[in-house]
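**Q** Show me how the following folds:
(4 chains)
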There are 4 protein chains.
Amino acid sequence: MPIALLIRNEDAKPKDYSHIADRFRPSHADFTYHAKYGLRDYRGGGRSSARETAARVAAGAVAKMVLKKHGVKITAWVSRVGDVVLEKAWQDLDFSQIEATPVRCPDLSVAEQMEALIREVRKEGDTIGGIVGCVIENCPVGLGEPVFDRLHADLGKAMLSINACKGFEYGSGFAGVSMRGSQHNDAFFNFKDKILTRTNHSGGIQGGISNGMAIDFRVAFKPVATIVSSQESVNEAGESVQVVGRGRHDPCVLPRAVPIVEAMAALVIVDHLLRNNTVHVQNLTQ
Amino acid sequence: MPIALLIRNEDAKPKDYSHIADRFRPSHADFTYHAKYGLRDYRGGGRSSARETAARVAAGAVAKMVLKKHGVKITAWVSRVGDVVLEKAWQDLDFSQIEATPVRCPDLSVAEQMEALIREVRKEGDTIGGIVGCVIENCPVGLGEPVFDRLHADLGKAMLSINACKGFEYGSGFAGVSMRGSQHNDAFFNFKDKILTRTNHSGGIQGGISNGMAIDFRVAFKPVATIVSSQESVNEAGESVQVVGRGRHDPCVLPRAVPIVEAMAALVIVDHLLRNNTVHVQNLTQ
Amino acid sequence: MPIALLIRNEDAKPKDYSHIADRFRPSHADFTYHAKYGLRDYRGGGRSSARETAARVAAGAVAKMVLKKHGVKITAWVSRVGDVVLEKAWQDLDFSQIEATPVRCPDLSVAEQMEALIREVRKEGDTIGGIVGCVIENCPVGLGEPVFDRLHADLGKAMLSINACKGFEYGSGFAGVSMRGSQHNDAFFNFKDKILTRTNHSGGIQGGISNGMAIDFRVAFKPVATIVSSQESVNEAGESVQVVGRGRHDPCVLPRAVPIVEAMAALVIVDHLLRNNTVHVQNLTQ
Amino acid sequence: MPIALLIRNEDAKPKDYSHIADRFRPSHADFTYHAKYGLRDYRGGGRSSARETAARVAAGAVAKMVLKKHGVKITAWVSRVGDVVLEKAWQDLDFSQIEATPVRCPDLSVAEQMEALIREVRKEGDTIGGIVGCVIENCPVGLGEPVFDRLHADLGKAMLSINACKGFEYGSGFAGVSMRGSQHNDAFFNFKDKILTRTNHSGGIQGGISNGMAIDFRVAFKPVATIVSSQESVNEAGESVQVVGRGRHDPCVLPRAVPIVEAMAALVIVDHLLRNNTVHVQNLTQ
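**A** Have a look, this model is predicted:
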């Protein structure tokens, strides 16, 4: 049977937004929604609010139940806040520590620096961006489609659809552009009748299809747009106005983005698991 | 009427691949296709070959004809090869020089360095990666959908679906994570009855919907997997073998990726133009 | 903003079905759901229950609000119950009388006969089928797509997806097969600068696209499967069993099918109105 | 690998249509295409021509290869031309005789009457409609989806998308509306560990999902619109004109519709076979 999930939007304070009822907050969706639809929900953004991602996390929890049956494990964590960077490879992280701090960085000393930075940014009434890392372990070989629906293309779209996301890279990513092919190529070898690769610059995906190695990727998030200080903007009439931040806002969304990244990854992998089943009939015809 | 485009795959040399008929080239799609479908076209890869992108460029040419009517202009160029980087902002580039060199970098002195590097890499029988930059000018306000089909999510998926792509970022991208919200936010102002922004860290897209400013993004490509030197691998029986490169191969795909990036961007924008028209009926009901 | 509709399934009596927990009711979805999913909701059928159509009627009410803005009017009625047939053309019916009787047939003397028949069938613990007629007036010219998504193909699929539906015909329908082309063809003429047809055997659709004339169609519904008398069947173990009807059941679904047919028609027309808007960009390129 | 099929439209005589370049043939797609797109291919109709169905038959041939591996057999035949009706049940027909006559009716004496009628209609410069019957034998249990994509809804849409189709019914169809539930219900019984039904008014589909019994349906086709005699119409300027038939035309499309009906049925069944595979993952979670 289909599964219905109902989340009531109860913890809302619509009156907190009356001061921006007629004006566009910079780098929010206010202006573009107004231009596209002729109306918008100024009381927090409506569909453009990151509250919408609660539904993704709920659906992702169901997807994770399916993945558990397949032994697939998805883990995300905060790997950077501003210029505080977690330099370790994911294999060297202790994932059991992710939930140990509110910042969701598994290296506790880096987590401490991140927290300090976020506290400082909050004091300034400002915000800061960062990067979420994610790894999908034990993904079956063969997920992903040739041409358009490559596994990493669908993962990338899913991540880029999360609020405030500005970039996606997998495997060697942007850093890989400096490498030579002879360094970047992942040599195959046979380990107990399983084909593995010595390195994993491919990020677990070759030709758009999972090869059984860990799928690792990184997602960049910009600093939250809502800040305390007064900002230049225009109102619906096109007149110059000032916008001042009010309401409840995060100085940094990174820790909250972690479960969203996991949920979206889980949904993409389950979709491709289902889709992969359709290959069987084709094989029957050979 | 629908448009049919037929490209015959004539300039092929299937015999050049007989030495890899039974073995998997590292970091190619050989292994994953074999695992998924139980068969693969070892004579160049079939669907996994970048030859498939010829169809994208042809379709993109039609999309560009539609975009021309709307005044939309899409321009891509090579902005990095290995560690040779074009540091200038796109506004400072002379796009008329993109086709002046085979490397498709509009800054001729940087282009020269890129060519030198590619020549060196070829001599070594090796390959190198890089980055393609792209800007969409004069995109109408209002393209893109809330939630999943945000304009940058569809652009990202389109780029990640191009062979050898490892990452996508738009606007401030990965660099934006170090910025404070007060620096990153793009202030609105009214210029001759058009709402513009003072800066464009948003990359022309806010809340997933185009805001009329230039849409700029960058696409990372890994070094080509086919190299001349001998590499460790396995064959279909799972036995250790060596794979040696033969056939015709590029030391660097970046210059060839430029028209593909433009074509995919054109297809995404036209799709969203068509989709945007469906908003009108909803407005009628208000 | 998207519209959420929530209908709680409150008026249910799950215990009424305990006698069929392990056995398949003849001509119900019990067996096929069990075979496909390995489980089923025997307490009324779950998704296979016609209760599901409440959601269609609710969504159709929204679609009708959109259609009202376009002047489109959709009317359905019961045109046949068993062998009691409403012979009049739809143009000769008084639609204001449809809701005058519970049987939803606008001709009151035929409605009386239908009611009598249904009462008789109920007394026998049996059920009876029938036909719903429907007409879409003032549909804009140009709705429908060439090849697969012809307007009547989408209308047909929508109607056939309603529980108990066994057939769909539009315009001249099955009766038209006896006609000669010279009788069947609808001559065009110009009436006050509008192109109309003298007859309407085409049922308002030519080449899959609406021509502005009334779209009329008929939908056949089988007798409800739940009857009072004992029936031969098998249980989940494949053993011979008897199934006896209990719970609340209709002797005839036809009157209840009327708003469902209208709702599904409204949804199809609104979908095609939205889809038709995408033609505009193509026109711009000419 | 994907399969490409190329049919060149070579046996065309575009000049045969110059007399209707500016006017709309009654009951053709000329007027609706012109109204929707602002242009049309008057030289035979372009996409609105039944020539388009050649692609369906070619694709259906591939689908039949897949179905053969599953033991599914699809057979269509002409069951009615005008008022000449093949009254026998499909079980009593000798399918080996379908191709014995050009009219594709397996009962040779009825075929003779059909041919005589078609010859007479052709002499009069007129056309005639009819019905194609079709049966899908040995369809696996479990194909079809709840709610909208019921197997018979998709079959119905596929048939209604064929040129000149006016109606679709399956199982008891329109005739079933006169039956009582107690007559119409198909009792289950166990035959050698297979669950079968004593009768098959359900037409092999219950609750939208195949039950393993034969799926039988009927498709109504109107008389071809192109006739020899002069007909009243209008031209693009909206002026009264006469349209006279010329070019090559069939007095009756029924025999040609037989392979198209089979092809569309094969495509629908293969689509649902593939789709059915996606159920497996859901079962794993139980």
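
**Q** what number of residues lie near residue A:277?
**A** Number of residues near residue A:277 (other CB atoms under 10 Å in any protein chain shown) recorded here: 17. C-beta coordinates here come from the backbone N, C-alpha and C atoms, glycine included.

**Q** ditto for residue A:182
**A** Residue A:182, neighbours per other CB under 10 Å, totals 17.

**Q** Distance check, the residue of the stretch 1-150 of chain A found nearest chain B against residue A:221.
**A** Among all residues of the stretch 1-150 of chain A, residue A:29 sits closest to chain B, at 2.3 Å; criterion: CB to the nearest CB. As judged by CB to CB, to the nearest Å, residue A:29 and residue A:221 stand 16 Å apart.

**Q** so how far is stretch A:159-178 off the chain centroid?
**A** How far stretch A:159-178 lies from its chain's middle: 10 Å, per CA atoms, centre = their mean, to the nearest Å.

**Q** That stretch and chain C, are they touching?
**A** No: remark: stretch A:159-178 sits outside contact range of chain C, by CB under 8 Å from any CB of the partner chain, the gap being at least 15.8 Å.

**Q** Ends of that stretch, what's the gap?
**A** Distance across stretch A:159-178, first residue to last, is 25 Å (CA to CA, to the nearest Å).

**Q** Neighbours of the nearest residue to the residue of the stretch 1-150 of chain A closest to chain B once chain neighbours are set aside, how many?
**A** Leaving aside its chain neighbours, residue A:29 sits nearest to residue B:207 (2.3 Å; criterion: CB to CB, 6 or more residues apart in numbering or on different chains). Close neighbours of residue B:207, defined as other CB under 10 Å, add up to 25.

**Q** Quick check: residue A:9 vs chain C, distance?
**A** 11 Å (CB to the nearest CB, to the nearest Å).

**Q** Let me fix that, I meant to ask about residue A:210.
**A** 28 Å.

**Q** how about the nearest residue to that residue, chain neighbours excluded?
**A** residue A:143 (4.4 Å).

**Q** Identify the residues contacting that neighbour.
**A** Residues near residue A:143 by CB atoms under 8 Å, 6 or more residues apart in numbering or on different chains: A:151, A:209-210, A:269, A:272-273, A:276.

**Q** and if you look at residue A:83?
**A** Contacts of residue A:83 by CB under 8 Å, 6+ apart are residue B:178.

**Q** per-residue confidence at it?
**A** Per-residue confidence (pLDDT) for residue A:83: 98.

**Q** For the stretch 51-200 of chain A, give me the ranges with low pLDDT.
**A** Of all residues in the stretch 51-200 of chain A, none has pLDDT under 70.

**Q** Report the secondary structure state of residue A:28.
**A** With DSSP: H, G, I helix; E, B strand; the rest coil as the basis, the three-state label of residue A:28 is coil.

**Q** And the strands in chain A?
**A** A:73-81, A:84-85, A:130-137, A:165-170, A:188-191, A:194-197, A:205-206, A:209-210, A:215-221, A:231-234, A:240-243 (DSSP state E).

**Q** Okay, now the sheet partners of the first one, with direction.
**A** Using DSSP bridges, the neighbouring strands of strand A:73-81 in the sheet come out as strand A:84-85 (antiparallel), strand A:130-137 (antiparallel).

**Q** on that earlier part again, and the strands of chain A: which comes nearest residue A:111?
**A** strand A:73-81 (7.9 Å; CB to CB).

**Q** Relative to the whole chain's centre, how far out is the closest one?
**A** 9 Å.

**Q** Name the residues of that strand that come out as buried.
**A** Across strand A:73-81, burial judged by 16 or more other CB atoms under 10 Å in any protein chain shown covers A:74-81.

**Q** quick one: it to strand A:215-221, angle?
**A** Relative orientation of strand A:73-81 versus strand A:215-221 (axes from the mean of the first three to the mean of the last three CA atoms, to 10 degrees): 40 degrees.

**Q** Just give the nearest non-adjacent residue to residue A:3, would you?
**A** Residue A:3 sits nearest to residue A:62 (CB to CB, 6+ apart), 6.0 Å away.

**Q** hang on, I meant residue A:102
**A** residue A:255 (6.1 Å).

**Q** Dig out what the closest residue in space to residue A:32 that isn't next to it in sequence forms beta bridges with.
**A** Using CB to CB, 6+ apart and skipping the chain neighbours, the partner closest in space to residue A:32 is residue B:209 (3.7 Å). Beta-bridge partners of residue B:209, counted by DSSP bridges, are residue B:206.

**Q** my guess is residue B:209 contacts residue A:40, does it?
**A** No: the pair residue B:209 and residue A:40 fails to qualify as a contact (CB atoms under 8 Å) at a distance of 10.7 Å.

**Q** Overlap of the contact sets of these two?
**A** Counting by CB under 8 Å, 6+ apart, the residues touching both residue B:209 and residue A:40 are A:29, A:33.

**Q** Stretch A:181-192 near chain B anywhere?
**A** Yes: interface with chain B: stretch A:181-192 contributes A:181-190 (CB under 8 Å from any CB).
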